[in-house]
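# sequence isn't available, so here's the structure alone:
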């Protein structure tokens, strides 16, 4: 089952281990876990209302790192077909994750410092559309990792992240649900 028990004091070590151990094979789980968390956060109880604060941005960082950490314990029952674009993007995300992990806590801080302002900007830009916020935050979270500590991004990798979102959107559109949402819906 998914571990949501990381506290403020113990999030760094599991996050570093998750970044270090991330594999291309685990990327479908990262993507679906990240999407699930973001969608629940942004659309669950209605749209988040401005002003957007560092806590909102921190939630996005936590969603990303939680998805990476938990990708070792969850395999989606259904996943989109792997296209060349998606495979390229996943490879860049894995490489970037491992590069951030090599920098230790400084790498985590660098990743968070890059993602939080981007998340706040996207929340504000798309404040009337939780669906667009979900897309943008998914995109920027994975792009932040794929660009690595040097903040260098292959444009084809960026396109691949967008392909991955559209592919997952199609899977969810066919009725896919993560197991913990199925259980919640049956109550």
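All right, it came through fine. Since the model is a prediction, treat every value here as computed from it, not as a measurement.
# CA only for contacts and neighbour counts going forward, please
Will do.
# ends of stretch 149-159, how far apart?
From the first residue to the last, stretch 149-159 extends over 20 Å; the measure is Cα to Cα, to the nearest Å.
# in that stretch, which residues are buried?
Applying a neighbour-count criterion of 16 or more other Cα atoms under 10 Å, the buried positions in stretch 149-159 are 149, 153, 157, 158, 159.
# distance of residue 162 from residue 156?
On the measure of Cα to Cα, residue 162 and residue 156 end up 10 Å apart.
# and if you look at residue 103?
Looking at residue 103 against residue 156, where the rule is Cα to Cα, the gap reads 25 Å.
# what do you get for residue 23?
19 Å.
# where along this structure do the helices fall?
Ranges of helices within the chain are 12-21, 27-43, 54-70, 84-102, 105-125, 130-146, 155-173, 179-185, based on DSSP state H.
# closest to residue 76 out of these?
Each of the helices of the chain was checked against residue 76 via Cα to Cα, and the shortest separation belongs to helix 27-43, namely 6.1 Å.
# rounded mean pLDDT for that closest one, please.
Along helix 27-43, the predicted local confidence has a mean pLDDT of 96.
# which residues does it contact?
For helix 27-43, contacts defined as Cα atoms under 8 Å, 6 or more residues apart in numbering pick out 48, 60, 63-64, 66-68, 70-72, 74-76, 79, 90, 130-131, 133-134, 137-138, 164, 168, 178.
# so for it, what gets flagged as buried?
27-39, 41-43.
# residue 124: which of the residues you listed is nearest?
Nearest to residue 124 out of the buried residues of helix 27-43 is residue 42 (Cα to Cα; 12.5 Å).
# now that closest one: how far from residue 173?
When distance is defined by Cα to Cα, residue 42 is 18 Å away from residue 173.
# check residue 123 too.
With distances taken as Cα to Cα, residue 123 is found 23 Å from residue 173.
# same check on residue 39?
If you measure residue 39 against residue 173 using Cα to Cα, the figure is 14 Å.
# what do you get for residue 128?
With distances taken as Cα to Cα, residue 128 is found 22 Å from residue 173.
# and these two? Which one has more around it.
Just comparing residue 128 and residue 173: by other Cα atoms under 10 Å the higher neighbour count belongs to residue 128, 13 against 10.
# quick check: the gap between residue 30 and residue 136.
Distance of residue 30 to residue 136, given as Cα to Cα: 16 Å.
# now residue 39
Between residue 39 and residue 136 the distance, using Cα to Cα, works out to 11 Å.
# now do residue 154
Counting by Cα to Cα, the gap between residue 154 and residue 136 amounts to 18 Å.
# repeat that for residue 23.
For residue 23, the distance to residue 136 (Cα to Cα) stands at 23 Å.
# which residues does residue 167 contact?
80, 81.
# per-residue confidence for it?
What the model reports as pLDDT for residue 167 is 97.
# again, but for the one 3 residues further on
Note for residue 170: predicted pLDDT of 95.
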